Every structure is written in C-alpha cells, then in structure tokens.
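prediction below, plus the sequence it came from.
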Amino acid sequence: MGLYLNPGNSAFEMSRYSDIYVDKSMLISRTNALYKTKKRFLCVSRPRRFGKSMAANMLSAYYSRGCNSAEIFSGLKIENTPTFQTHLNRHDVIRLDVQQFLFQESHLDIFIEEMQKAVTGDLRKEYGDCFEIGPYGLAGALNQIYAATGKGFIFIIDEWDCVFRIAREQENVQKRYLDFLRGLFKGAAYADLVYMTGILPIKKYGEHSAINIFDEYSMIDSRNLGEYFGFTEEEVRQQCGKHGMEYAELERWYDGYLAGGQHIYNPKSVADALTWKNCKSYWTGTETYEALKVYLERNFDGLREAVIEMLDHRRCTVNSRSFQNDMITFTSKDDILMLLIHLGYLTFDEDTEEVFIPNQEITREFLSVVDGPAWKGLTDALGWHQLQPENQKAYLRH
C-alpha cells in the first residue's frame, strides 16, 4: 500500500461510519460499466462541499488492491450488483489530490514534477526496475510497466482544476498542466478508467482541448449521474426521519438545485442542519459573501437586472456555449452566470436553459450583496426599501 499507488480505505471508512451517511455506492456500478471502454474517461464537476472527495475516496477504496474493503461495503446497495465482486480491490489505483501538491502559488512551477516524482516513487516500490524515468516522465514509466506486465491502472484525481483557481491569470501554467494531462491520458493503453473531479469543467484552449477524450458531467449537464451530485429528496426525507427533523423545514432552506431533472440538496448544509438540529446558512458560511460580490459587481449590461429578477423568484435564460470554463474570461453576463452555476450560487434547468437562485440559503447571500450603494437604484425601483432586515425576512417567507 502506497500514498498514491494503491492507497488504503481509511478516508472512505470515516465517511461510511459517520452518523450521517447517505449510500452513493451505486455510482460504482456506473463506473464499472465504463471500465476499459471508450467512455472510460470521466470529468465530474460540481461545487465545493457537494461530496466530490467522498465519491473519490469511495471509488479508491473499492478498486484499490492496496486494501480489503469487503466489510466497509457490506450492506451498501452496490454489494448486490453483478459486477461488485469482479472489481472489488482488484486493481492498481493511482489516487491523486492535486491540491496537496498545489496549496500555494509558489508551487506552480514545481507541482507537476512533484506529482510525477511522488507517483513514480510508489511505482518503484511495487514494480522495481522494470521501468526507467526518462523525458516522458510518469506517462513513459506507465507505458513501460504496461508493456512489461500487461497491467493497466485506474486513475482517481480529485481537485483536478485547482490550477485554474490558483493560477487564474497565468495562461502558461494552465497550458502546461493541460499538456501534462493530455500526455498522461491521450491514447494511453494503460488507462483502464479515469475519474477526475473538480469545481470547473475542462478548460477550453483551442488545440489544448485535446483532452476532450473526457466526457463531462457537470452542473450544466449531469448526464446519468444526477443523483450522485448531492442528496436527493428521498435521501433527505430518510435522514430527517432518522434524526428527528421536519423535512419541510430543510426543503424550504436547501431544496432547489437541479441535476439531471432531479432536485438535489447540498450535502454539507443538510448534514450540518441535521447535526445541529437547526436550519441556517452552513454552506455559504464557509466563506464570506465577498466571493459572490466580486462577480456580481462586474459591469456587464443586464447582469444586475438579471440578479434582481431572480431575487423576485423569476428565471433568466442563459447562453452556456460561450463560457470558457475558467474564472477570469468573461465577455458577457452569461459568462458570470455560468460560473456562478458551477460555484453553486445558481442552478440550471437543462430542459429550458434557464438559471435561477436555488433556495433560501443562497438567496440570503445574494441579498447581502445587493444591500449596498451600487445596487440602491435597482432595489429602490422594486420598493424593497434598501432591503432592511425586517423586509428581508418578509421576502424570504414567500
């Protein structure tokens, strides 16, 4: 068992035996169906604290031959599927959390080399001298191992997009990283399955979109994974019954996100509400409203009007095609709205291509932003009296 090659199952074990645990193991059935197929490359993007790392830890615990996870999966839905035993702890897994190598800007010049060094170190312990480290780095080493042994690898990569959040305006760093991923996966016979997860979909960069081998599962198009993007309505009802809370209260606060035609809930908010027996802004409380304000105060025609419309319980149409999947390339209000969908501040109706504020928790964040001098003219026009607290409460009861 290594740190990056065939890791253990302790991270998923902590989730599995937590007081509030929702069984998302049937995701494994979906990934098993894609194993060693042309559809084996998945990029799953959703907002922070929506269960990305838990899913990655679960997949790693299931596939990795560095541990025995039969007991942890006992009683979960996946246990009764035909392919469960076929893949349980049978594979070489390379598990990476990119953020572990890039948690400050000074690492931007070295993080790719450090990731490769860390993985090849684990590979050396497992495969000895059957490969050499050459100019092609990790990809070259994996090709040599595959040629010598015929063994492929399952890759599970968490926080794949943190480069684009830390190096927002450093295009050279971003392109170098995309080149690394392209070299690692494009045409890679050793890649049996690749599951990447992050907040943003894959960045569009002309020819650098060559990692378009990935199918994208996002808050814009969750495809057939919608039920794994958060807690479903039925799952929240079950947890409310188990923990003695009224479902209607959680529904009022946290319902509203859509994924694949399903209503989904932010797992962080629901879990905290059930733990503390109190509904309030848990997810948005993990960072200040400034994170939202910086985008809403961009000077694009129609952006503020769209926000006011959505605060009035209306929806706005949005063009999803121009968005470049980063946090700086904005040419219109639609680009801002698209980013806010991926960040979790808005939700998207795939059928109507409309965007709206999902629930009371997020509405409060928007109200905090528009309660300022830059918005006074618009809010006065709606008769909100500068959104004083007593008026906010009346608004939120609608």
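Done, it's in.

for the protein, which segments count as strands?
Chain-ordered strands for the chain, with DSSP state E as the definition, fall at 41-45, 93-97, 153-158, 191-198, 215-217, 231-232, 257-259, 262-265, 316-317, 347-349, 354-356.

can you tell which of these is closest to residue 133?
Taking Cβ to Cβ as the criterion, strand 93-97 is the member of the strands of the chain that comes nearest to residue 133, at 15.7 Å. Placement of C-beta: from N, CA and C, glycine included.

just how off-centre is the closest one within its chain?
Here strand 93-97 is found 16 Å from its chain centre; the criterion is Cα atoms, centre = their mean, to the nearest Å.

what angle do that strand and strand 191-198 make?
Counting by axes from the mean of the first three to the mean of the last three Cα atoms, to 10 degrees, strand 93-97 lies at 20 degrees to strand 191-198.

I'd like the average pLDDT over strand 93-97.
Along strand 93-97, the predicted local confidence has a mean pLDDT of 98.

got the CA coordinates for it in CSV?
The C-alpha atoms that make up strand 93-97 are tabulated as CSV, following Å, rounded to 0.1, in the frame of the first residue of the first chain:
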residue,chain,number,x,y,z
VAL,A,93,-5.2,2.6,-8.5
ILE,A,94,-3.3,5.9,-8.7
ARG,A,95,-5.1,8.3,-6.4
LEU,A,96,-4.1,12.0,-6.6
ASP,A,97,-5.4,15.1,-4.9
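
show me what it is packed against.
Contacts defined by 3 or more Cβ pairs under 8 Å, 6 or more residues apart in numbering; DSSP states H and E place strand 93-97 against helix 52-63, helix 111-127, strand 153-158.

can I get those in TSV with distance to residue 307 and mean pLDDT?
Output for these, formatted as TSV (distance: least, Cβ to Cβ, whole Å; pLDDT from 0 to 100):
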stretch	distance to residue 307	mean pLDDT
helix 52-63	27	97
helix 111-127	36	96
strand 153-158	32	98
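
select, out of the ones you listed, the one closest to residue 217.
Once Cβ to Cβ is applied to the helices and strands packed on strand 93-97, the stretch that comes out nearest is helix 52-63, at 11.1 Å.

roughly how far is the closest one from the heart of the chain?
Taking Cα atoms, centre = their mean, one finds the center of helix 52-63 at 13 Å from the center of the full chain.

same thing with stretch 82-100?
18 Å.

ditto for stretch 179-196
That offset, for stretch 179-196, works out to 19 Å (Cα atoms, centre = their mean).

buried stuff in that stretch?
Within stretch 179-196, the residues that qualify as buried by neighbour count (16 or more other Cβ atoms under 10 Å) are 180-185, 188, 190-196.

residues contacting residue 191?
Remark: with contacts taken as Cβ atoms under 8 Å, 6 or more residues apart in numbering, residue 191 is in contact with 40-41, 152-153, 155, 184-185.

nearest to residue 137 among those residues?
Closest approach between the contacts of residue 191 and residue 137, by Cβ to Cβ: residue 184, at 8.5 Å.
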